[in-house]
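Participant: Got a sequence here, can you model it:
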Amino acid sequence: MMNPQNIEHIPTHLIAGPLGSGKTSLLKSLLQQRPDHERWAVLINEFGQVGIDAALLHADAAGIQLAEIPGGCLCCVNGVPFQVGLGRLLRRARPHRLFIEASGLGHPETLMRQLAAKPWQGVLTLQPLIMVLDATRLLANEKLSESQEQALQCAGLLVLNKTEDLTSSQCAALVLKMHPIASVCAVQGTLDLSLLPVAATPEGPAISPQLSALPPPVSIGALWRDVNDWHCYTQQQGGQNSIGWIIHPSNNFVLDDLSAWLDEVSWDRAKGVLHTDKGWMSFNATAGDRPVWHPSEWRRDNRLELISSNTPDPLDLEQSLRDTLAPLSNHNQTELQ
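Facilitator: Numbering: from 1, shown residues only. Next up, the predicted model:
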């Protein structure tokens, strides 16, 4: 049982992998397996500023607390944004288990090393690194980035995702190729909770950071002057550009027009949760894949983000996106929650 005065030895799983490999799908699969008696916490870091993954994972389960740190990779977990975000999450959730989803442009090996050091030493019990990789890209011998390649050396489990179109012999060949790292083939990020790699709990006293002294977070996209006041956020890092919007929930998009818009614009990664004429829908796609829409429980606001190696024109993109809105008379004037 967790000490009510101190937060200590929380089993912590860092989930890493390239953009679009299926980290969020893996998290969703794991969250659905949470034992009823456990409280879980999830900290999400995204490349862009909008913060889509928390909306994609949104659920009403009382035993799960989500927090996000948008705006690039967590190159240093001792930075203020990380300490504030993680500290507040731990203090609020007091979890039995913590998951951290790193940006696809992050440096997993560095994160693992720093999560095991002060001020998190004793507070977190770091488990072996989980890496999610696109099996089809591995079969095509596509190279990982330098930071992802380095992370393989400390990985405790490789989730070889997107194997639905592969044969059993191809999956077996991939597992053999990644030996001696433990690997498992997965479809849509599905992984049994019992397969998570586990480390022994360290002995010794906990060293707790000053969680109570951390300042409150700044929430983005919380206020609108009116329903037409869209919040647009851009981010540039490592040759990648992101553009995203947080939009009042009463804005209602025509799903067919929105899908056509996504077919026309350039992106390497696209994801979103939007209020449409077919209800609240979400999608998460990589280049070459046609977005697949799923019903969503999210109701707080519309969120959409594109990541590309090209430099987007925010004004042109936003205007063309506004053209996919349903006529104003058809908007559902849902109040903010």
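
Participant: tell me the secondary structure for residue 299?
Facilitator: Secondary structure, DSSP: H, G, I helix; E, B strand; the rest coil: residue 299 is coil.

Participant: I'd say it and residue 249 touch.
Facilitator: Yes: counting by CB atoms under 8 Å, residue 249 is a contact partner of residue 299 at 6.4 Å. The C-beta positions use only the backbone N, C-alpha and C, and glycine is treated the same way.

Participant: Comparing these two, which shows the higher neighbour count?
Facilitator: Ranked by neighbour count (other CB atoms under 10 Å), residue 299 and residue 249 place residue 249 first, with 22 against 15.

Participant: That one in helix, strand or coil?
Facilitator: Under three-state DSSP, residue 249 comes out as coil.

Participant: i'd like the first residue to be 892 from this point on
Facilitator: New numbering, starting at 892: the last item is residue 1140.

Participant: and it, how far is that from residue 1193?
Facilitator: 6 Å (CB to CB, to the nearest Å).

Participant: Ok, residue 1016 next?
Facilitator: Where residue 1193 is concerned, residue 1016 sits at a distance of 38 Å (CB to CB).

Participant: do residue 1202 as well
Facilitator: Between residue 1202 and residue 1193 the computed distance is 24 Å (CB to CB).

Participant: Give me the more crowded residue out of those two.
Facilitator: Neighbours were counted for residue 1202 and for residue 1193 using other CB under 10 Å; residue 1193 has more, 23 against 10.

Participant: Poorly predicted segments of the stretch 1042-1191 of the chain, please.
Facilitator: Low-confidence segments of the stretch 1042-1191 of the chain (pLDDT under 70): 1091-1116, 1129.

Participant: can you map out the helices along it?
Facilitator: With DSSP state H, counting those that start in this stretch as the criterion, the stretch 1042-1191 of the chain has helices at 1059-1069, 1146-1155.

Participant: quick one: buried residues of the first one?
Facilitator: Burial within helix 1059-1069, assessed by neighbour count using 16 or more other CB atoms under 10 Å, is assigned to 1062, 1065, 1066, 1069.

Participant: and of those residues, the nearest to residue 1006?
Facilitator: Nearest to residue 1006 among these is residue 1069, at 23.6 Å by CB to CB.

Participant: Surely that closest one is in contact with residue 1050?
Facilitator: No: counting by CB under 8 Å, residue 1069 stays clear of residue 1050, with 10.8 Å between them.

Participant: Which residue ranges of this structure form strands?
Facilitator: With strands called from DSSP state E, the chain shows them at 901-907, 931-937, 955-961, 988-992, 1015-1017, 1020-1025, 1046-1052, 1074-1076, 1122-1128, 1131-1138, 1160-1167, 1170-1177, 1185-1186, 1193-1199.

Participant: So which residues of the stretch 892-1041 of the chain form helices?
Facilitator: Counting by DSSP H, counting those that start in this stretch, the helices of the stretch 892-1041 of the chain are 914-922, 944-947, 971-984, 999-1006, 1026-1030, 1037-1042.

Participant: Out of the ones you listed, which one sits most buried?
Facilitator: Most buried of those, by mean neighbour count (mean count of other CB atoms under 10 Å): helix 944-947, with a mean of 24.

Participant: That helix - what's its average pLDDT?
Facilitator: Throughout helix 944-947, pLDDT has a mean value of 57.

Participant: could you dump the buried residues of helix 1059-1069 to a markdown table with distance to residue 1124?
Facilitator: Formatted as a markdown table, the buried residues of helix 1059-1069 follow (distance: CB to CB, whole Å):
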| residue | distance to residue 1124 |
| --- | --- |
| 1062 | 39 |
| 1065 | 37 |
| 1066 | 40 |
| 1069 | 36 |
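
Participant: ok, so of the residues you listed, who is nearest residue 974?
Facilitator: Nearest to residue 974 among those: residue 1069, at 34.0 Å, using CB to CB.

Participant: so what's that closest one up against?
Facilitator: 1029, 1049, 1051 (CB atoms under 8 Å, 6 or more residues apart in numbering).

Participant: can we see that at 7 Å?
Facilitator: Residues near residue 1069 by CB atoms under 7 Å, 6 or more residues apart in numbering: residue 1049.

Participant: What of residue 999?
Facilitator: So residue 999 contacts 905, 907, 993, 1020, 1038, 1042 (CB under 7 Å, 6+ apart).
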